[in-house]
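*Asks:* this one's sequence-less:
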Ligand SMILES: Nc1ncnc2c1ncn2[C@@H]1O[C@H](COP(=O)(O)OP(=O)(O)OP(=O)(O)O)[C@@H](O)[C@H]1O
């Protein structure tokens, strides 16, 4: 049974134009799947459907075998959004405690402190998030996922704004997460990151899955993921 099973999902905001058209794919345990596509191709809408942030209109989504609206599904998956909105009135310690409770876990603050040190935020764990820079907030989002380590983490452009050192460290941590048998759906416009990390790449265009293949195979065929996208756009544009 796949960890995430998206089956024939279509979605329209206005009831007329389909932003997602019959989207199906799976994410297996212990894999990193890259999600790419042009602006407006429906990536965020797909993620909103997975996390029940918009009501599913057709098709089915199951996480760990549970229907995606059920608590059993919601405990298995964490969403790291593209923005840096975190509760500013909390410290990182309080935020991570809250996140732990949401996932039914006792937060391992020692581990979080270690990650704060690793990610060059030593001494800031008990400061209010209000006082964090943009990059520090993004790193706090990532650290929350690295501490909670849910079976599925969905990352929507969360890496934007972190410095190269943090990116390097985050990539290493993503690989560890994957090697533990957990999975990541990584939505990004950064194809270099994608090529380094993603076992599989899902390419969405105009709300439809155009390619869903091993990243290595796409790179072998086209030279790079960017070239694969350009090749597709070259044949699909009027
Ligand atoms: N709340 C909304 N109401 C109406 N239309 C929306 C809404 N959110 C997104 N859309 C439309 O749905 C389409 C897909 O948007 P979506 O944000 O899912 O794309 P995306 O692939 O994540 O894009 P990007 O790469 O720019 O983040 C776009 O045409 C967008 O204008």
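*Replies:* Great, that's in hand. Please read all numbers here as calculations on a predicted model, not as lab measurements.

*Asks:* Would you mind listing what in the chain touches the ligand?
*Replies:* Within the chain, the positions adjacent to the ligand are 13, 19, 37, 39, 40, 41, 42, 43, 44, 45 by CB under 6 Å from any ligand atom. From N, CA and C alone the C-beta is placed, and that goes for glycine too.

*Asks:* Tell me which of the residues you listed fall in helices.
*Replies:* 43, 44, 45 (DSSP state H).

*Asks:* ok, and the most crowded of those residues?
*Replies:* Highest neighbour count within these: residue 43, with 24 neighbours (other CB atoms under 10 Å).

*Asks:* close enough to count as contact, it and residue 156?
*Replies:* Yes: counting by CB atoms under 8 Å, residue 156 is a contact partner of residue 43 at 7.4 Å.

*Asks:* OK, contacts around the most centrally placed residue in the chain?
*Replies:* Among the residues of the chain, residue 155 comes closest to the average C-alpha position under CA atoms, centre = their mean, at 1.9 Å. Contacts for residue 155 (CB atoms under 8 Å, 6 or more residues apart in numbering) come out as 80, 145, 184, 185, 186, 187, 188.

*Asks:* Which neighbouring elements make contact with the helix or strand bottoming out on mean pLDDT in the chain?
*Replies:* Ranking every helix and strand in the chain by mean pLDDT, DSSP states H and E puts helix 225-236 at the bottom, with a mean of 87. For helix 225-236, the packing partners by 3 or more CB pairs under 8 Å, 6 or more residues apart in numbering; DSSP states H and E come out as strand 32-36, helix 191-197, strand 200-205, strand 208-214, helix 215-222.

*Asks:* Quick check: which of these is nearest to residue 177?
*Replies:* Smallest distance to residue 177 across those (CB to CB): 8.5 Å, for strand 32-36.

*Asks:* where along this structure do the strands fall?
*Replies:* 4-11, 20-27, 32-36, 58-63, 66-67, 77-80, 152-156, 183-187, 200-205, 208-214 (DSSP state E).

*Asks:* got the ones you listed as TSV, with mean pLDDT columns?
*Replies:* Shown next, in TSV, are the strands of the chain (pLDDT from 0 to 100):
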stretch	mean pLDDT
strand 4-11	98
strand 20-27	98
strand 32-36	97
strand 58-63	98
strand 66-67	97
strand 77-80	95
strand 152-156	94
strand 183-187	96
strand 200-205	96
strand 208-214	96
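
*Asks:* Save those strands as JSON lines, and put in distance to residue 123 too.
*Replies:* As requested, the strands of the chain are exported to JSON lines (distance: least, CB to CB, whole Å):
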{"stretch": "strand 4-11", "distance to residue 123": "37"}
{"stretch": "strand 20-27", "distance to residue 123": "37"}
{"stretch": "strand 32-36", "distance to residue 123": "32"}
{"stretch": "strand 58-63", "distance to residue 123": "37"}
{"stretch": "strand 66-67", "distance to residue 123": "40"}
{"stretch": "strand 77-80", "distance to residue 123": "24"}
{"stretch": "strand 152-156", "distance to residue 123": "27"}
{"stretch": "strand 183-187", "distance to residue 123": "29"}
{"stretch": "strand 200-205", "distance to residue 123": "39"}
{"stretch": "strand 208-214", "distance to residue 123": "43"}
